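Peer 1: Coordinates for the following, if possible.
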Amino acid sequence: MPDAAPQTTDPRFTLQAVSPTRRVSGLAEDLLEGFALRPRTLPPKYFYDARGSELFDRICSTAEYYPTRTEAALLQSGAARLLEQARPETLVELGAGTARKTRLLLEQCDRAGLACQYWPFDVCAEVLELAAGELLEAFPWLRVNALVGDYMAGLDGLELPRGRRLFMFLGGTIGNFAPGESVAFLEEIAGLMGPDDHLLLGADRVKERGVLEAGYDDAEGITAEFNRNLLQVLNRELGADFDVSAFEHRALYDPAQARIEMHLVSQRDQSVAVEQLGRHYEFADGQYILTEISRKFTPQALDGELRQAGLETVLHLEPDNGYFSLVLARRA
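Peer 2: Below you'll find the predicted structure:
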């Protein structure tokens, strides 16, 4: 795959396309497979069209959604310890998005005179370029090599710089993987790491049901709108005719599996056509689509998954209430 063409002319910025090394299914295939299951399911990656991304930014500012601000506070208070331990020459962030939290590490790099470079990896070139422009303006010493691609399509295509690297996977996104899938993904990251490299992993923690369920069902209804926006994506991309108002958002914590489940629940018997697939799907009143799982971890469970992936914890940061973990790990 050729390099992407950046729009910015700053010589400190480059934009590189990452070739997939394994096939990743698309929306039509995922709907066919997911709707053949019971409950019907769709992967959460389709939440993030332009509207969904805007809504998620608003979710992060709600009173109930603690993960973003808790992780950011840990990064701010622990940046010096993290960087002193890792001493990175390059930050490599998977799922970088707007890089808002990464800026906290770069600010500490600036204070410490550590002129590392930043390699953000995400699917949207426009978002990467916008974020890079803001960072380059803030840090004159910084160089950004943005990587455009889907990390779920494999990491073997990454051509990484030499020197000490800090890989970053923040936001609690590891919880969106089923247990075996998360270990496999961590193993894949570990396979990129040398003896002097580290991984910085953010993970949400097991806590009171009320706190967890409120975090995914805010009083303003933004998360509900975010969840239902997935149906708008299906209508637009596959010619479906979902009546969005006929589905209700529901977030439930399953303590047996230590995970939040987000559902879209049909509010009546209805039939939905998906024009591009030539299919009709019947929904009974109360039948739901599982749109996201978000696993929550104990410190012991988190360490266990890292060990299975061939990694060991070097530093574990958590707030006084134990709501979130930032773990710095290296190859065992």
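Peer 1: where do the strands sit along the stretch 101-250 of the chain?
Peer 2: With DSSP state E, counting those that start in this stretch, the ranges of strands along the stretch 101-250 of the chain come out as 117-122, 144-148, 165-169, 198-204, 247-254.
Peer 1: among these, which is nearest residue 262?
Peer 2: Distances from residue 262 to each of the strands of the stretch 101-250 of the chain were compared using CB to CB; the shortest belongs to strand 247-254, at 5.3 Å. C-betas here are computed from N, CA, C, even on glycine.
Peer 1: before we move on, back to that, would you mind saying which of the strands of the stretch 101-250 of the chain lies nearest residue 130?
Peer 2: The stretch from the strands of the stretch 101-250 of the chain with the least distance to residue 130 (CB to CB) is strand 144-148; that distance is 10.3 Å.
Peer 1: Just the mean pLDDT for that closest one, thanks.
Peer 2: Averaging the model's pLDDT scores along strand 144-148 yields 96.
Peer 1: CA atoms only for that strand, dumped as CSV, please.
Peer 2: Backbone C-alpha positions of strand 144-148 (Å, rounded to 0.1, in the frame of the first residue of the first chain) are rendered in CSV as follows:
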residue,chain,number,x,y,z
VAL,A,144,5.0,13.0,14.0
ASN,A,145,4.8,10.0,11.7
ALA,A,146,1.1,9.2,11.5
LEU,A,147,0.1,5.6,10.6
VAL,A,148,-3.2,5.1,8.7
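Peer 1: which outside residues touch it?
Peer 2: The contact list for strand 144-148 (CB atoms under 8 Å, 6 or more residues apart in numbering) reads 4, 6, 12-18, 117-125, 128-129, 132, 135-136, 158.
Peer 1: Please flag which of those sit within helices.
Peer 2: 125, 128-129, 132, 135-136 (DSSP state H).
Peer 1: where are the low-confidence patches of the stretch 1-150 of the chain?
Peer 2: By pLDDT under 70, the weakly predicted segments of the stretch 1-150 of the chain are 1-8.
Peer 1: For the stretch 1-150 of the chain, which segments count as helices?
Peer 2: With DSSP state H, counting those that start in this stretch as the criterion, the stretch 1-150 of the chain has helices at 27-34, 50-59, 66-86, 102-112, 125-138.
Peer 1: Indicate which one of those helices is closest to residue 202.
Peer 2: Nearest to residue 202 among the helices of the stretch 1-150 of the chain is helix 66-86 (5.1 Å), distances taken as CB to CB.
Peer 1: Run the angle between the closest one and helix 50-59 for me.
Peer 2: What separates the directions of helix 66-86 and helix 50-59 is an angle of 80 degrees, with axes from the mean of the first three to the mean of the last three CA atoms, to 10 degrees.
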